[in-house]
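Chemist: Okay, predicted coordinates and the sequence, questions at the end:
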Amino acid sequence: MASSTPLLFSVFTLLSLLLLASSSKDNTPATITIPLTSTFTKNPSTEPLLFLQHLANASLSRAYHLKHGKTSPLRQISLFPHSYGGHSISLSFGTPPQKLSFIVDTGSHVVWAPCTTRYKCTNCSFSDADPKKVPIFNPELSSSDKIFGCRDPKCVSIFSPDVHLGCPRCNGNSKNCSHACPQYSLPYAIGESSGYFLLENLNFPGQTIHNFLVGCTTSSVGEVTSAALAGFGRTMFSLPMQMGVKKFAYCLNSHDYDDTRNSSKLILDYSDSETKGLSYAPFLKNPPDSPFYYYLGVEDITIDNKFLGIPSKYLAPGSDGSGGVVIDSGFWVGYMSGPVFKLATNELKRQMSKYRRSLEAETQPQIHKNPRLNLPLYRWRNYGGARKELFWG
């Protein structure tokens, strides 16, 4: 982030020139014209929304630094595990603030919460619960909520290939443009959520984000929890993007599918610089049909330093979204495609040939590591040299 000193110096210099011009007694012009040059001339994005997203993030980051000075750019939030495999954070929306639990999901791209006592969830794990007991955000109790209208540029943006927000018959200054943006329907792996969008205040510790785009969900299908959802995906409508966060990291506690209150940390980083002591691996460019996933650059997988020689077509995403390695906090187990799984298990069986195979143990939902069992190390070798050791089971 550039210092504001040159800007302040330029402003004072301009004021001085204007004062000198106004006090001059000769025939010099009373008006001085100074040409301005855009600072965004280098490789501007060909996508208008991506370019606007870049400008918005830069403005939010600058505003944060101007307000907080030289304070640490890192912010930490408690992250709580749950029995269904998800992890949640607490967020407060509205004026006065209404606090709710939000599931952190890097595989989705919108922030939404149930917002009516008539909230209906079909084929959900908590369908027997009283709808009136589902924690909701109530817009009627907030003085800062705003209608997300058709005139808003975000209304006509594409969230995903399956979701297009826009207003038919809205052009120019027609009366239709004063209407609210149409309702959304967000598809997920096992269901969907529907509702309408609002612009609200997100009340974060030490920071308030105005006009935050949040979904007001009225019905869902196939959800595993009544909690709200915080999308952390790679689009301008996710929680990190709307907050101007440059990087985020999280560490998940190991637990036995219970609702322990032993929390871990979600770290939000507003700086551009790398943190000392950490290894970094770049994300790959997203396929057009999967704009919000995090595709990790993986060169190969090793088992006890033995490279599996996985074909590159399985490690890099194809144009149709197939292949590649996706980091998704919404999944509580990792999985491989068939050909990759076969390569890994064949090598594992070769290295574990001195042990007797237990088919009964393999049918168990969890395999706990026996301290007397020396399992080979299973690692990802990422682009950039970073390595990640993973657990079997």
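Modeler: On my side now, so go ahead. The structure presented is a predicted model; accordingly, all values stated were derived computationally and were not measured.
Chemist: Name the residues of the lengthiest strand in the chain that are buried.
Modeler: Selection of the longest strand in the chain by residue count, based on DSSP state E, yields strand 207-221. Buried positions in strand 207-221, judged by neighbour count with 16 or more other Cβ atoms under 10 Å: 207, 209, 212-221. No exception for glycine: its C-beta is placed from N, CA and C like everyone else's.
Chemist: Show the average pLDDT along stretch 276-290.
Modeler: In this model, stretch 276-290 has an average pLDDT of 82.
Chemist: actually stretch 380-393, not the one I typed
Modeler: Across stretch 380-393, the per-residue pLDDT values average to 69.
Chemist: do you know how far residue 190 is from residue 106?
Modeler: Between residue 190 and residue 106 the distance is 17 Å, computed by Cβ to Cβ, to the nearest Å.
Chemist: Neighbour count for these two, which is higher?
Modeler: When neighbours are counted by other Cβ atoms under 10 Å, residue 106 comes out ahead of the other of residue 190 and residue 106, with 23 against 11.
Chemist: Quick check on that one: phi, psi?
Modeler: Per-residue torsions, residue 106: phi -80, psi -10 (degrees, to the nearest 10).
Chemist: Would you enumerate the residues in contact with it?
Modeler: Contacts for residue 106 (Cβ atoms under 8 Å, 6 or more residues apart in numbering) come out as 232-233, 294, 327-330.
Chemist: change it to 10 Å
Modeler: By Cβ atoms under 10 Å, 6 or more residues apart in numbering, the contact list for residue 106 reads 230-234, 238, 240, 248, 250, 292-294, 326-331.
Chemist: Sort out for me which of those are in strands.
Modeler: 230-231, 248, 250, 294, 326-327.
Chemist: Return the closest of those with respect to residue 196.
Modeler: Taking Cβ to Cβ as the measure, residue 196 lies nearest residue 231 of the ones in strands among the contacts of residue 106, at 16.4 Å.
Chemist: confidence score at the residue nearest to the closest one when sequence neighbours are not counted?
Modeler: Excluding its sequence neighbours, the residue lying closest to residue 231 (Cβ to Cβ, 6 or more residues apart in numbering) is residue 108, at 4.1 Å. The per-residue pLDDT reported for residue 108 equals 88.
Chemist: Residue 108 and residue 238 touch, don't they?
Modeler: Yes: contact criterion Cβ atoms under 10 Å: residue 108 and residue 238 qualify, at 8.1 Å.
Chemist: ok, the two, which is more surrounded?
Modeler: Shown here are residue 108 and residue 238; by other Cβ under 10 Å, residue 108 has more neighbours (28 against 22).
Chemist: hang on, the earlier thing: what's the overlap in contacts for residue 108 and residue 238?
Modeler: The contact lists of residue 108 and residue 238 share 230-232, 292, where a contact means Cβ under 10 Å, 6+ apart.
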